[in-house]
Structure formats: C-alpha cells, structure tokens
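In: 3D model of this:
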Amino acid sequence: MHYNQLISHNRSTLERRCGFQLWSLFRRYTPLTCSSFSMNIKLRYQDFVNEQRLGKIHAVFIDDTGSPGLQDTPSNLHPDRKTWVAVVVPKTQIAEVWEQFPNALEEVNKLFGVNEFHFTDIYMGRKAFRNVSIDLRLALFRFMAKIFEIYRFPIFVQTLDPKSIEDIRSRRKFPKQVGCFNLQRHEDFALFLLLLRVKWYLEKFYTADNKLARVFVDEGYKKNGIGIRIPSLNKVFVDGTICFARSDTILPLQLADFAAFSLNRSQLIIGKEKPNYRDEELLRILSPIAWNYQNIPKTSTRDLFTL
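Out: As a prediction, the model looks like this:
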C-alpha cells in the first residue's frame, strides 16, 4: 500500500478495572521514580527512528485534544477537558509507516505547499487551506481514514476534566504526585492513565519477549527533545522512556494528531443541534474507523442526518 497513491486517487469514563489496576500500581510502585532529561535530538532521535525502520519494536504515538475557549461546547462535554489519544503501531507495520509517510507528505506539499498534516487547519480551511475547497480538504480525511481502516491501528483514549478528577479523587485516596506526574492536575492524571492503558494492552496481546514499544508524545506538555524516564515501566516501554518530539521530525505523530482531532470533532458534531454539510461528511468518512478506538463507547449517527 502506497500512501501517495491513496492521496492521488483521491468523555471517556474511568472503568472500575482501570481504577483498581491504577490503585494496585500505586501500591506496587509508590514512590514511583521519574526523571526528566534532555536528549541530543539529532543523534538519539535518529537512533529511535532507525530501530523503528527496522521493525525491531512497537511504536506508540500520543497527542492531546480538547476545545478550550469554545463558546458552544455541547453540554455533555466539559469545556476544560483534556483528552489524550494514543495510536499503537505494531512492529510488523512500523517500518512501512516510516517508509511511506514521507511519500504522503511529499504529495501534500505538491498540492498545498505544507510539510505536514494539520487536521484542524485542513478542516477549518485555515492558513494554507484557506482557499481550498471543502471537498478537496475532506479528501485528505478520506485518505487518512483509509490508512487507519486498512492497517487497523488500535487507538486508546483518556479524558479527564476538573470535575471528573475531583470525583475520582473523592472515591479513592490517590497520592498527589507520582513521579513527574502531578495527579491533582487532570492533564497529568489523564496522560498517566493513558500510558497505563497502552501498557496493559501490550501486556495482554504480546508475549513477554515481544511487547517492547517506543513512546513518542507530541511536544507541548514537555518541550521537543525532553524525555521522561519511568524505570518501573521499562518492561513495556523501552528504557522506561517517554519521548517528546515535533511531528515534523517524528512523522507518525501525525497519526495521533488525526486520531485526536477526529475524536474531538466527532464529539462536537454529535452535540450539535444541526450539523452542516462538512460535519455530516466528516462523520461519514470517520464511521469505518470507529472500531479502531478501543476503550470508548460507539454512538450511532443515523439520527443526525439522512444517509
């Protein structure tokens, strides 16, 4: 499957299990050690890319989403929620992803003069996409949705907001801090929970000698080139390290950008009283990949528009 050919043709709740396992983890690893460090970006990141190009380990790409400041946020969504989304790419597929992604970006650059997918800009028709027709912009979503449909990348989601974290902490006595994570901040708590979700998935579906993964998170929470090392997670995440990087350097982070945007926009559209043409078309495009999302409920869109 060649990505450039495809282009040319065209509130998650905290389950009881999660709460129980998290509490068990705290009891096993508290105090959980965690350290931040800076990496030589050119050398270390190239090493990480090389190991993925060779298909030696699995890859996990994480990005965040939300709608802070949005005036018409649906009543069922907290305006200050933070959602973290992880895309797991098995080592049987990661080499091909790294091989093909530059081809896709080369094609996008020819068409629109951009060096990476920015799905918010694409959808809203901003910046380089300002004068691009809605149908052509939606074609980019069809392309990426097709990639997820074909390769079936598992997607994991964790959302918390100021109200839900208050509710969680009222039910169990959690520590204020776990390593580098401030569990009084819903942003930190949600990211830590997401890492655990991915860890449990890899432990469940892969053997002990076949579950190692390299984790990359899009910069923002930490600066590009920063790593967080959590030694107690090193049996699943290589060296227990969580790396923060730019999506124009670690290209498959754009998969996480797509998965995060698609989730958030779908939630906003479903909460609308009257979705417009662009909204309806996007939901149609994204419907086939709803099952990639492993741990969130699925919602029928039949009543939102006439098929």
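
In: which regions of the stretch 151-300 of the chain lie under the pLDDT threshold?
Out: In the predicted model of the stretch 151-300 of the chain, residues 300 satisfy pLDDT under 70.

In: What segments of it are helices?
Out: Remark: helices of the stretch 151-300 of the chain, listed N- to C-terminal, are 162-171, 186-205, 253-270, 277-286; assignment by DSSP state H, counting those that start in this stretch.

In: Highest average neighbour count across these: which stretch is it?
Out: Among these, ranked by average contacts under mean count of other Cβ atoms under 10 Å, first place goes to helix 253-270 (a mean of 23). C-beta: built from backbone N, CA, C; applies to glycine.

In: Can you check what angle separates it from helix 277-286?
Out: Between the direction of helix 253-270 and that of helix 277-286, the angle (axes from the mean of the first three to the mean of the last three Cα atoms, to 10 degrees) works out to 120 degrees.

In: if we can go back for a sec, and the helices of the stretch 151-300 of the chain: which comes nearest Tyr293?
Out: Between Tyr293 and these, the shortest gap by Cβ to Cβ is with helix 253-270, which sits at 7.0 Å.

In: Please identify the helix or strand for the most centrally placed residue in the chain.
Out: Among the residues of the chain, Val85 comes closest to the average C-alpha position under Cα atoms, centre = their mean, at 3.0 Å. Using DSSP states H and E, Val85 falls within strand 82-89.

In: can the helices of the stretch 151-300 of the chain go into JSON lines with extra columns for distance to Gly240?
Out: What follows is the helices of the stretch 151-300 of the chain, written out as JSON lines (distance: least, Cβ to Cβ, whole Å):
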{"stretch": "helix 162-171", "distance to Gly240": "25"}
{"stretch": "helix 186-205", "distance to Gly240": "11"}
{"stretch": "helix 253-270", "distance to Gly240": "20"}
{"stretch": "helix 277-286", "distance to Gly240": "34"}
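
In: Show me what the strand holding Val85 is packed against.
Out: Packed against strand 82-89 by the contact rule (3 or more Cβ pairs under 8 Å, 6 or more residues apart in numbering; DSSP states H and E) you find strand 58-65, strand 155-160, helix 186-205, helix 253-270.

In: and Ile242, which of those is closest to it?
Out: For Ile242, the closest of those is helix 186-205, at 7.1 Å, according to Cβ to Cβ.

In: in the stretch 1-150 of the chain, which spans are helices?
Out: 3-8, 16-29, 41-53, 91-112, 119-124, 134-151.

In: Could you dump those helices into a markdown table with mean neighbour count and distance to Arg265 added?
Out: Putting these into a markdown table (neighbours: other Cβ atoms under 10 Å; distance: least, Cβ to Cβ, whole Å) gives the following:
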| stretch | mean neighbour count | distance to Arg265 |
| --- | --- | --- |
| helix 3-8 | 18 | 21 |
| helix 16-29 | 13 | 25 |
| helix 41-53 | 15 | 28 |
| helix 91-112 | 17 | 20 |
| helix 119-124 | 18 | 7 |
| helix 134-151 | 18 | 10 |
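
In: right, so of those helices, which gets closest to Ile230?
Out: Taking Cβ to Cβ as the criterion, helix 16-29 is the member of those that comes nearest to Ile230, at 8.8 Å.

In: what is the mean pLDDT for the closest one?
Out: What helix 16-29 shows for mean pLDDT is 43.

In: ok so, going back, tell me who's in contact with the nearest residue to the residue nearest to the centre of the chain once chain neighbours are set aside.
Out: Closest residue to Val85 in three dimensions, ignoring its sequence neighbours and counting by Cβ to Cβ, 6 or more residues apart in numbering: Ala260, at 4.0 Å. Contacts were defined as Cβ atoms under 8 Å, 6 or more residues apart in numbering; by that measure Ala260 touches 63-65, 83-85.

In: again, only this time at 6 Å
Out: When the contact criterion is Cβ atoms under 6 Å, 6 or more residues apart in numbering, the partners of Ala260 are 63, 65, 85.

In: Also Asn224?
Out: 245-246.

In: Would you confirm that Ser247 contacts Leu255?
Out: No. Using Cβ atoms under 6 Å as the test, Ser247 is too far from Leu255 to be in contact (9.4 Å).

In: picking up where we left off before, the residue nearest to the centre of the chain bridge partners, please.
Out: Each beta-bridge partner of Val85 is listed here, defined by DSSP bridges: Asp63, Val157.

In: quick one: it from Ala259, how far?
Out: In this structure, Val85 and Ala259 are separated by 5 Å, where distance is defined by Cβ to Cβ, to the nearest Å.
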